[in-house]
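K.L.:
Structure of the sequence below:
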Amino acid sequence: MGFTYDRIRRAAYLPVEGEPLSASYHVLGFPEQWRTTLLDLCNVGRSDAAEPLRTVPTYHLDGVLQTLAPDLIVRPRVVGPQREGIDHWLYRPADLPNPLPDIALEGLLNVWVKGLRPEPEHASRVGEILRSFAAEPPTWRAVDVDLLACPVTEGGTASPDHRQFQLTADYLARRVAALPPFETGAGTLRFRAVPRGPRQQGAELMSQPLPYEAKRGTWWFSVVLGFTLHTVPFSPVPRLHVHSSIRRWATRTGSGGRLHLPHGVRTSVYLRPTIPWLPGAPTSERYAIARVAWDRSRRQHSWRGGDPAGLLQALTLSGRFPDPVDVLTAPEQWIGDGPGVRAAVVYSTRMGAHAVGAGLMSHQRSQLVAWLEQALPAGLRPAPELTRSRRASGLPLNPRPKPAKPEREAEEIRAAEERRAAWTASINDIAGAETSVVEVRLLWQTERMRDEAVAALERLLALKGDSRVGTTGEVDLRQWNMPGLTVRLRSLRLTGGLADDLGIDPQVRPRRRAFAHALDERRKKVSSFLTADGASPSVPSLALVELDRRADFSSGAHDPKYALRLGCADAGVLTQFVSVPKKVKGYDSENTADYRAWQGWSDGLRQLGLRVHPEHSLGNQLPEGLRFAAVWMVKRRSDGPTRMALHMPVAVLVTPDRGVAGRATVQGWDRDAKCWIPYPELLLRLAQCAELPGDEAELDDGSNPAAPDEIEATVSPKPTFRERQRSRDEQRKETARFMQHVIRSLRGEPTVLLTHAQNSRSHWPWLQDGQVVRDLIKTGHAPAGRLDRDLRLVRVRATVGAETPQWWGTGAPTGINGLSSGMWTEPPAEDGSAGEARVFYSTTEKPPQFKASAVKADKLAPRTMELGARKGEATIDTGTPAWNSGLVEIAVLGCHEDAADDAEALALAVHQLRYAPDFPDALALPLPLHLAARAQEYVLPTETEGESSGEAADEALLESGPTGDPDSEQLELPGFG
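P.N.:
Below you'll find the model as predicted:
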């Protein structure tokens, strides 16, 4: 047994009372005398149908400023006059030399203004504007900014000014960058600042690229430190989070002789110049960032993002700016130390495997944080340690057993029989009467997976006896007659091209129409295939479908998975997918075929309502018969595969069975009938909401056969500001109506309503830190009111966006700062208030597949093995992926303390919901939220597991999810496949 930590430290910092923290800057506001002139220039000649621009488009200029003058802090442009004390366009610390001399600023502005309207007919007007600018140039002025002081909302929550989120983080990052290098034991890390864009929050430091020698040569990575400012409900002070991670670099060129960049994605390139780019500017110690993508007009890779108008090419730079083609063709020649400009291209998992494992483990994180705390100013202090909740065990009464090897087989049989009994009860609930026969389908492609799936179903439900009934046409029929239930399995081979490439016709334009046609045709064929086999929408059933990976199709848009799911749903069949067993370069699924088949059936049966519910261990500390409802916002982007935006709230209700411990009924909210229906019916009805796209916009399907590498995302026309505003307002109104109906339906029984901060707060603003007031609720324009007497409101916040801090356990005799599962509480507030007594934190144990990730793993220097056959030997963990349980925040926003509600007991019950007994590992989210989130797979085309792109993806660590991707910033949940 390892050490059990009872206290944990967070990489978070709070203001010191009575110690103000301010900084001096020189600022440059966007000259307001230019605003009208430039807006008139931009709007001249625009069609009557086009909405006039409301503010001058500085986005491209901002990007170039960040690339060429990285010491600047570029803020988003403020709409309307900039008033004293609000915000400014450009900031630079007062103690630094001006990174943007007047001559450089004049040159940038000249090139930018000419690019706003490059048409010859506007040349005279542009020249006149530039002459007026030269006569009245913008001027810098000095300001002092209080970095931490901020007002408090009606709910008692800190409300920082917008600029504080960027300036405060940048202030601490600059202090850390000035520290002596970090000693790794095998060398030193020298951190340099990385500029952040005007729409990015926080600040970032990055070490020099580090080489890692592996079997296939040298691979490169850097250590990244991020700094972000955050708030917590009901806390009157903001806090800074520090998060450490690994950024991996791409150095392996493909068959085309250059790096393979994902289609339609702008890839970041980090640059370290040896001389200033701009004439007269001082040398900067910061990295610069440029973004490269395929330019179809020039038919080559070009700098994009900050340079679509050709600003860089039009500038006369004091140093040569690298050619992106050179960087992509010979990336190893540009990385590391060397003469001239150095450059490194961010790695994406779409580029193939990387020898460096993602992430840092807890002990090494704590070492980095201990080093950087030398830079803390007098106005910041470490957040106090959290302590383990002692209200009850962190596990439910019926946790997933972990028997010793001799008892393992007997326990598996017991769990299978319990599972079969729960499934029988769920089927009876769906049917509304007792039924003795249940039918499932296996849609297979390979005999290997067919045999594994049959054996897995037998193990999962403890099915015994000779099951083979015979073959009828193309159907192989098996049947198990068990006490109280007969299970019938119909195995059908996927024929007629149902599992083939979707076959989008590249000649059809617009491509959106081609996608719609191909998807609709396959959907109809699948539905007909199952209907001919006796499937019926009136009786929900399940099919386990064997399908190739997304990477095995000609492009992501050609993956037929979405069409198969919708076609099956049309026939009343729920789907769970399992990949075809195969062994190819960099991928081997043959050895895990049995496990994947077992997991596929297990996940699939959950869709049919099979649920062994986590039974809380809090006894009379909670109301008897407490139910748990959850709301999830399904969002489909207009630039996704369907090219149709969608917003749809989904609600799930889990009601524990009072007669059978650990049993529960799962229902979903029918938005049309305004009532709760069985969960399988909800999934099938959601599939009907997956409208197919029409002809209004294009589709990026990557299917151009002549030049597949030249495809770049073609997005439908961007909505105007007013259109976006109207859309958001309508979505919020729709959410309010939805929530009002759901909340009304929950009256009469004690219920906890679970919500997710990052998923839902933009559509339900009451969940935002700056809006919420304790024990009140607001679902529309009406004033906030008291919660219904039966309702409690709890908000869960995950690690996405570093909104909860990284952490580690403390107090081990060995001095190793490790990991521990449990629910954690804040110490009492120093002023005696109960502000943060409503906020708790949840962590889970490390899943088995990451047992190789030791808590003292070291990616930067060799360490001595302390256990196992290699005890005493030296090892280094650079190639091992790290895993850390994310710190999930549980905020009890509303309860009834005057009626004996206990916020800590409610939070602990929510924490225990992460330990569903029929899941192999703890869930990223409480079970009801997990089910609500997974329902969106019947509305949205899903990405392949393990696929991510871009630098943001590679910054995030594998946290909080047993099946997540180490490089994925998205919320990863085990689910329907």
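
K.L.:
which residues make contact with the one helix or strand residue 369 maps to from outside it?
P.N.:
Element membership for residue 369 (DSSP states H and E) is helix 362-372. With C-beta atoms under 8 Å, 6 or more residues apart in numbering as the test, helix 362-372 has contacts from 9, 11, 176, 179, 182, 223, 225, 242, 244, 360, 806-809, 816-819, 855-860, 884. All C-beta spots, glycine's among them, are computed from the backbone N, C-alpha and C.

K.L.:
what's the top strand by length along the chain packed up against?
P.N.:
Ranked by residue count and defined by DSSP state E, the top strand of the chain is strand 217-230. When contacts are defined as 3 or more C-beta pairs under 8 Å, 6 or more residues apart in numbering; DSSP states H and E, strand 217-230 sits against helix 164-177, strand 203-207, strand 210-214, strand 239-249, helix 362-372.

K.L.:
Sheet-wise, list the partners of that strand with their directions.
P.N.:
Using DSSP bridges, strand 217-230 pairs in its sheet with strand 203-207 (antiparallel), strand 210-214 (antiparallel), strand 239-249 (antiparallel).

K.L.:
Need the contact partners of the second one.
P.N.:
Outside of strand 210-214, the residues that reach it under the criterion C-beta under 8 Å, 6+ apart are 218, 219, 220, 221, 222, 223, 336, 355, 356, 860, 878, 879.

K.L.:
switch the cut-off to 10 Å
P.N.:
Identification of contacts with strand 210-214 by C-beta atoms under 10 Å, 6 or more residues apart in numbering yields 184, 186-187, 189, 217-223, 246, 248-249, 251, 335-336, 354-357, 859-860, 876, 878-879.

K.L.:
and that strand, which residues are buried?
P.N.:
Going by neighbour count (16 or more other C-beta atoms under 10 Å), the buried part of strand 210-214 is 210, 212.

K.L.:
from here on, count from 837
P.N.:
All right, first residue 837 from here; so that's strand 1046-1050.

K.L.:
How far away from the center of its chain is it?
P.N.:
Put simply, strand 1046-1050 sits 28 Å off its chain's centre (C-alpha atoms, centre = their mean, to the nearest Å).

K.L.:
I'd like the average pLDDT over that strand.
P.N.:
In this model, strand 1046-1050 has a mean pLDDT of 94.

K.L.:
Measure how far the direction of the longest strand of the chain deviates from that of helix 1198-1208, in degrees.
P.N.:
Computed by axes from the mean of the first three to the mean of the last three C-alpha atoms, to 10 degrees, the angle separating strand 1053-1066 from helix 1198-1208 equals 60 degrees.

K.L.:
Mind listing what's buried along strand 1053-1066?
P.N.:
Across strand 1053-1066, burial judged by 16+ other C-beta under 10 Å covers 1055, 1056, 1057, 1058, 1059, 1060, 1061, 1062, 1063, 1064, 1065, 1066.

K.L.:
Could you save the strands paired with strand 1053-1066 as a markdown table and add columns showing distance to residue 1220?
P.N.:
Shown next, in a markdown table, are the strands paired with strand 1053-1066 (distance: least, C-beta to C-beta, whole Å):
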| stretch | distance to residue 1220 |
| --- | --- |
| strand 1039-1043 | 24 |
| strand 1046-1050 | 34 |
| strand 1075-1085 | 11 |
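
K.L.:
What's the biggest helix in the chain, counting residues?
P.N.:
Scanning the chain for the longest helix, with DSSP state H as the assignment, gives helix 1241-1267.

K.L.:
what packs against that one?
P.N.:
Applying 3 or more C-beta pairs under 10 Å, 6 or more residues apart in numbering; DSSP states H and E, one finds that helix 1241-1267 contacts strand 1273-1280, helix 1283-1297, strand 1311-1318, strand 1321-1329, helix 1429-1443, strand 1500-1506, strand 1511-1514, helix 1515-1523.

K.L.:
and of the ones you listed, who's closest to residue 1371?
P.N.:
Closest of the helices and strands packed on helix 1241-1267 to residue 1371 is strand 1273-1280, at 7.6 Å (criterion: C-beta to C-beta).

K.L.:
Report the buried residues of the longest helix of the chain.
P.N.:
In helix 1241-1267, counting by 16+ other C-beta under 10 Å, buried: 1251-1252, 1254-1266.

K.L.:
so how far is it from its chain's centroid?
P.N.:
Centre to centre, stretch against its chain (C-alpha atoms, centre = their mean), the figure for helix 1241-1267 is 34 Å.

K.L.:
and that helix, what's its mean pLDDT?
P.N.:
In this model, helix 1241-1267 has an average pLDDT of 78.

K.L.:
what is the orientation angle of it with helix 1429-1443?
P.N.:
Counting by the same axes, to 10 degrees, helix 1241-1267 points 40 degrees away from the direction of helix 1429-1443.

K.L.:
relative orientation of helix 1241-1267 and strand 1500-1506 in degrees?
P.N.:
40 degrees.

K.L.:
where exactly do the helices run in the stretch 1337-1486 of the chain?
P.N.:
When assigned using DSSP state H, counting those that start in this stretch, the helices of the stretch 1337-1486 of the chain occupy the ranges 1347-1367, 1397-1406, 1429-1443.

K.L.:
Next SSE downstream of the helix holding residue 1205?
P.N.:
strand 1216-1218.

K.L.:
List the pairing partners of the helix or strand just after that following strand within its sheet, with orientation.
P.N.:
Scanning forward in sequence from strand 1216-1218 by DSSP H and E, the next helix or strand is strand 1222-1224. Strand 1222-1224 pairs in its sheet with strand 843-846 (antiparallel), strand 1658-1661 (antiparallel), by DSSP bridges.

K.L.:
what's downstream of the first one, the next helix or strand?
P.N.:
The first helix or strand that comes after strand 843-846 along the chain, using DSSP H and E, is strand 848-851.

K.L.:
For that following strand, list the C-alpha coordinates in CSV.
P.N.:
C-alpha atoms of strand 848-851 as CSV (Å, rounded to 0.1, in the frame of the first residue of the first chain):
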residue,chain,number,x,y,z
ALA,A,848,-2.7,28.6,-6.8
TYR,A,849,-1.9,31.9,-5.2
LEU,A,850,-4.1,34.4,-3.4
PRO,A,851,-3.7,38.2,-2.6
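
K.L.:
How far away from the center of its chain is stretch 1426-1441?
P.N.:
So, by C-alpha atoms, centre = their mean, the centroid of stretch 1426-1441 is 25 Å from its chain's centroid.

K.L.:
Next, the buried residues of that stretch.
P.N.:
Buried residues in stretch 1426-1441, counted by 16+ other C-beta under 10 Å: 1429, 1430, 1432, 1433, 1434, 1435, 1436, 1437, 1438, 1439, 1440, 1441.
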